[in-house]
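Novice: For reference, the sequence and a predicted model appear below.
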Amino acid sequence: AAAALIALLLLLSERLRRVVRRAGRKAAGAVLGRTRLSLDFYEDFLAAMESRGTRRKPSQTPLEFASVAVSALPDAASEVMLITECFNVARYGERDPGEGRIRQARDAVKSIKKAKPGGAKEQAGATGQGARIGAEGKLSRR
């Protein structure tokens, strides 16, 4: 009787372990699936920058590309950083940045699409006074 009880407990514990594992994967998939859908703003950002002649290299991290994007559009530095930060939280932090933050990132992409090249800051960037983004993700002018 004791052996049968032990076998039953082992069977139930294995079954419970599978159920918990499956539930965890579903929950993670729901969060990551929603986040994955939220990343469309970053694809739009890349397309907007590419249409301006600034393309992200496959070897560049989002933060490295942000530095290049800020050099190309210094007047949109805050928008570039907002988009990059939101993307990094969603993609690498494996958490949803929240609807409000995603909405801000989408608005920032719209702003970049409307930005006109040749602003005063852009002229300064062309003379060697560009922007630099440090390892901590902070923007600094050189």
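Specialist: Arrived safely, thanks for sending.

Novice: Could you measure from D107 over to R55?
Specialist: D107 is 23 Å from R55, where distance means C-beta to C-beta, to the nearest Å. (C-beta placed from N, C-alpha, C; glycine too.)

Novice: hey, where'd the strands end up in the protein?
Specialist: 131-133, 139-141 (DSSP state E).

Novice: need the helix or strand of this protein with the lowest average pLDDT.
Specialist: The weakest-scoring helix or strand in the chain, judged by mean pLDDT, DSSP states H and E, is helix 120-126 (a mean of 41).

Novice: what about F45, how many residues close to it?
Specialist: 27 (other C-beta atoms under 10 Å).

Novice: Does it touch I112 like I think?
Specialist: Yes. F45 is in contact with I112 according to C-beta atoms under 8 Å; the separation is 6.6 Å.

Novice: Can you pull the residues that touch both of these two?
Specialist: Contact with both F45 and I112 is made by residues V80, I83, according to C-beta atoms under 8 Å, 6 or more residues apart in numbering.
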